[in-house]
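[1] Below is the sequence, then the predicted model.
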Amino acid sequence: MAILKMQRIYIYALIKHCRDVLETLQRRGVVEIENLELEDSVFFKEDTSPLQAQYNRSAATAGEALEILSRYAPQKKGLLSSFKGRKQLTADDYDKMADKTQDTLRIAYDIIAYQKNIETNKAEKIKYQAQLEAVKPWLSLDVPMNFSGTATTAAFIGKFSEKKTSEDIVTGLAELIPEIEGIDVEVIYSDENQTCVFILAMKQDAEAVSDALRRIGFEYPSYVSPVVPAAREKEINRHINNRDGRILEAENNIKACEKYYAQLEFLEDYFVMKTERYKAFDDISTSRNTFVMCGYIPERDAASLKEYLETHYDAEVELEDIDTADTPVVLKNNKFAEPTESVLASYSYPDRHEADPTSIMAIFYYIFFGMMFSDAGYGIVMALACGICLLKFKGMEPGLKRAVKMFFWCGVSTTIWGLLFGSFFGDAVSVISNTFFHTPAPPIPGLVTPIWFNPVNDPMQMLMFSFLLGIIHLFTGLGIMAYNSIKHKDYLAVLYDVISWYLLIGGLILMLLSMDMMGNIAGFVLPPVFLTVGGVMAAIGAVIILFFAGRESRHPVKRFLKGVYGLYGVTGYLSDILSYSRLLALGLATGVIAQVFNQIGSMMGDGVIGVILFILIFVIGHGLNIGINALGAYVHTNRLQFVEFFGKFYTGGGREFKPFKINTKHYTVKEEN
Amino acid sequence: MAEFWSNSGLFFALLGAALATLMAGIGSAIGVGRAGVAAAGVLAEEPSLFGKVLIFQLLPATQGIYGLLVGFLILSNVGLIGEPKDISVLEGMLYFASALPIAFAGLWSAIYQSKCAVAGISTVAKKPDQMGKAIILPAMVETYAILALLISILAIFGIAGMSA
């Protein structure tokens, strides 16, 4: 439960060490570089945008090559590969691979060139296929398509864009030019859309025939080749085969590059890192021989970095304590609470001056999640799945690791609540024992009989317990507000804003519990003396709120009205407390749906088919129930924290610490020291 | 006629169970469908967001399950599942009434929750890191389905306790 102390760091060094210093900072990832607005007669900003652009292009090239490569030589990825995280490299391996980057870049360009080659050839292939289509109707023509006739004859090769027989054409011509005879019409090919014809006429009639033909819809073909169509077909087929061969060759060339996959991945990372290092130059000021940069660093990392930079690179490092509005926030929590930091972060980072509520929130988070999910079987499944993932994939990305750890603890809590409520895959043990062994299940505590009580049989007790937890949760929130006020030495605020509400809400609850009306619901009635005690407490609380809730206003009437409005906030507390009834509702939903599936599964009796169906329905049904109810438990646990809990005290609005670090896709570099 | 009337307790209870399941189910079907359409649109641009948008799509799915839950509780309490029982007309009508909260609140809350979920999906499409906030907004709508479920369940347990 802490916000780490931050320091401002200034680094001064010779320009020749600039790259090394930046590389160190990037590998360590502990400094957030801030733009040093320093430009004068000595210091200037080096413009590295051309280099950035160049390296960016190289990174993009590597990425494109990888994408092409994985298209032709798919990389095997396991179902759980997303848990694996980035591969770790030692500094030595890194240097070794970095030496090879020029060669790898060439390979990347080659791969892209092969791909371009494939694309051009595919485009040409399509063109030839179109030509093949065009030549097909003419295949039975035994002269070239540009044949125009002999010494005494004129030939017309072309088509009509409709179905025609040779009689149609002869009659058509005869109507237009009855005087000309000896026209020979041969239909080469015809279908619904076209008719290909070869027409021969006497040379001296050529013009008249041509004119008449045009009038009955004759067209010359758009594609004319100087060879016989059958030969042309062969030629085109040869071209197509040729292109196929080239495509295959290029594909094989790409596949042959598969062994460079890892290197290409490294290449992409290498240039991404390089680009980011040069981007950092935008924030650094340089003179002719020196450079200066500044940033934020958590105090715990400052000393070792200072020592390293000063001994290795002759740098001068200055550290100073700061507390400006712009200082970023880093959280530090123990192993149990740390996973829920991301829940806090998804709401807002805490303001630097308030307490980090993560560790307290974590306790409630796990409790509430467990109560809503509340099944020992589901809890064990969840904890086991997360535990195995954590053991098997050590290199998991930090964000994912946190989430998996959080669900591991949620699973543990779920198991405990499940045992307390006597729910293990619903009532699976009793159902199995009754259906398949025909005996009532032995009363195993936790699995069959509840260790505490069964919410399905006694929902009112569960409802009361939910409200109780809710009140504790809300009062804890108020407690944190008191802590923050004390930290700011605003002691009166503790009385006005926290103790007053404790008195008012606590008193009202005591009064309520002393009334007969509530006795039916709660199952017990407090002795009447608590009615008086509660009444007095509530009255004191109400008076304090009435007079001091609006203490910031000077005007007495305004102040009084604000006090009245503050008192109206009691309705907010009512709805907040009622909101915790979701602990009961979602818990019941999990348990009862589990029972539904067990019951459906047992309907087929105890034969072989019955057993198979039971197993099938058990696996599918409980799988579904785990999915939907884990989602519900997650969402509503978050809601209880964000709305009911944080609403009581949390300001938020802190800025997340975003260090300059390795921001790659495939590899990370392990730092030895 | 009198005999028919005196036997109709079971009918009213079944009517309640059917109403709870079908109305909340319709709501969830509409809701999940709408959210699914929006989610598919996002996937066309950003396939990597599948896990996130799927959660949004599932948010309005819970009402249908609450309806199923209430329906099942009624069926098992009146003996349509398990041991057959005698159900009086009054009891049947009480069960019918107890199904109403989740039937209606389930229908409407699923539909309105899906509108929120669709908006949340577009938030996540633009800013995937704002998942936490975007998911809380549709969860607010769900509160009322949960409250309705609570009253339906408490009522059913109450009726069962009354006749015992």
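    Thanks, I have the structure now.
[2] burial measure for A:K259, as a count.
    Applying other C-beta atoms under 10 Å in any protein chain shown, we find 10 residues neighbouring A:K259. Yep, even glycine has a C-beta here, placed from its N, CA and C like the rest.
[3] Okay, and B:L137 sits in which element?
    Following DSSP states H and E, one finds B:L137 within helix B:131-163.
[4] Can you list the buried residues in that helix?
    B:131-139, B:141-157, B:159-160 (16 or more other C-beta atoms under 10 Å in any protein chain shown).
[5] Enumerate the residues of the stretch 201-350 of chain A near chain B.
    Applying C-beta under 8 Å from any C-beta of the partner chain, we find that the stretch 201-350 of chain A lies next to chain B at A:342-343, A:345-347.
[6] Narrow those residues to those in helices?
    With helices taken from DSSP state H, the overlap with these comprises A:342-343, A:345-347.
[7] Residue of chain B nearest chain A, please.
    B:G132 (2.3 Å; C-beta to the nearest C-beta).
[8] Mind giving me the ChimeraX command for buried ones among the ones in helices among the residues of the stretch 201-350 of chain A next to chain B?
    To isolate the buried ones among those in ChimeraX, judged by 16+ other C-beta under 10 Å, type:
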select /A:342,343,345,346,347
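[9] okay, the ones in helices among the residues of the stretch 201-350 of chain A next to chain B in JSON lines with pLDDT next?
    What follows is those, written out as JSON lines (pLDDT from 0 to 100):
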{"residue": "A:S342", "pLDDT": "86"}
{"residue": "A:V343", "pLDDT": "88"}
{"residue": "A:A345", "pLDDT": "86"}
{"residue": "A:S346", "pLDDT": "82"}
{"residue": "A:Y347", "pLDDT": "84"}
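[10] I'd like the ones in helices among the residues of the stretch 201-350 of chain A next to chain B laid out as a markdown table, including distance to A:D282.
    Listed next are those as a markdown table, based on distance: C-beta to C-beta, whole Å:
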| residue | distance to A:D282 |
| --- | --- |
| A:S342 | 30 |
| A:V343 | 34 |
| A:A345 | 27 |
| A:S346 | 30 |
| A:Y347 | 32 |
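[11] Where is the longest helix in chain A?
    Criterion DSSP H: the longest helix present in chain A is helix A:101-135.
[12] how about that helix: buried residues?
    Residues of helix A:101-135 classed as buried: A:101, A:104-105, A:107-108, A:111-112, A:114-115, A:117-118, A:121, A:124-125, A:128, A:131, A:134-135 (neighbour count, 16+ other C-beta under 10 Å).
[13] Next SSE downstream of it?
    Heading C-terminal from helix A:101-135 (DSSP H and E), you reach strand A:153-160.
[14] From the contact counts, what lies against that following strand?
    When contacts are defined as 3 or more C-beta pairs under 8 Å, 6 or more residues apart in numbering or on different chains; DSSP states H and E, strand A:153-160 packs onto strand A:195-202, helix A:206-215.
[15] Specify the angle between that strand and helix A:206-215 in degrees.
    Computed by axes from the mean of the first three to the mean of the last three C-alpha atoms, to 10 degrees, the angle separating strand A:153-160 from helix A:206-215 equals 10 degrees.
[16] what's the nearest residue to A:I177 if we skip its chain neighbours?
    Closest residue to A:I177 in three dimensions, ignoring its sequence neighbours and counting by C-beta to C-beta, 6 or more residues apart in numbering or on different chains: A:A212, at 4.8 Å.
[17] Contact partners for the one you found?
    Residues near A:A212 by C-beta atoms under 8 Å, 6 or more residues apart in numbering or on different chains: A:172-173, A:176-177.
[18] Show me which residues of chain B sit near chain A.
    Taking C-beta under 8 Å from any C-beta as the criterion, the contact residues of chain B with chain A come out as B:55, B:58-59, B:61-62, B:65-66, B:68-69, B:72-73, B:76, B:81-82, B:130-133, B:135-136, B:139-140, B:142-143, B:146-147, B:149-150, B:153-154, B:157.
[19] if we go to 7 Å?
    Proximity of chain B to chain A is confined to B:55, B:58, B:61-62, B:65-66, B:69, B:72-73, B:81, B:131-133, B:135-136, B:139, B:143, B:146, B:149-150, B:153-154, B:157 under the rule C-beta under 7 Å from any C-beta of the partner chain.
[20] Number of residues surrounding whatever residue of the stretch 51-200 of chain A ends up closest to chain B?
    Among the residues of the stretch 51-200 of chain A, A:S82 lies nearest to chain B; the distance is 9.2 Å by C-beta to the nearest C-beta. Burial of A:S82, expressed as a neighbour count using other C-beta under 10 Å, amounts to 14.
[21] Ok, A:G158 next?
    Burial of A:G158, expressed as a neighbour count using other C-beta under 10 Å, amounts to 17.
[22] in what helix or strand does residue 20 lie?
    In the absence of a named chain, chain A is used. A:D20 belongs to helix A:18-28 when elements are defined using DSSP H and E.
[23] My question was about chain B, not that one.
    helix B:9-45.
[24] Tell me which residues of that helix come out buried.
    Of the residues in helix B:9-45, B:9-10, B:12-29, B:31-32, B:34-36, B:38-39, B:42-43 count as buried by neighbour count, 16+ other C-beta under 10 Å.
[25] my read: A:M145 touches A:S222, true?
    No: taking contacts as C-beta atoms under 7 Å, A:M145 lies outside contact range of A:S222: 11.0 Å.
[26] Look at the two and report which has more neighbours.
    Shown here are A:M145 and A:S222; by other C-beta under 10 Å, A:M145 has more neighbours (20 against 7).
[27] rewinding a little: what residues does the helix holding A:D20 touch?
    Taking C-beta atoms under 7 Å, 6 or more residues apart in numbering or on different chains as the criterion, the residues outside helix A:18-28 that touch it are A:11, A:13, A:31, A:273, A:277, A:280, A:291, A:305, A:308-309, A:313, A:315, A:660-662, A:669, A:671.
[28] Only the buried subset of these, as a PyMOL command please.
    With 16+ other C-beta under 10 Å as the criterion, this PyMOL line picks the buried residues out of the contacts of helix A:18-28:
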select buried, chain A and resi 11+13+31+273+277+280+291+305+308+309+313+315+660+661+662+669
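[29] mind listing which of the contacts of helix A:18-28 are in helices?
    Filtering the contacts of helix A:18-28 for membership in helices, criterion DSSP H, returns A:273, A:277, A:280, A:305, A:308-309, A:313.
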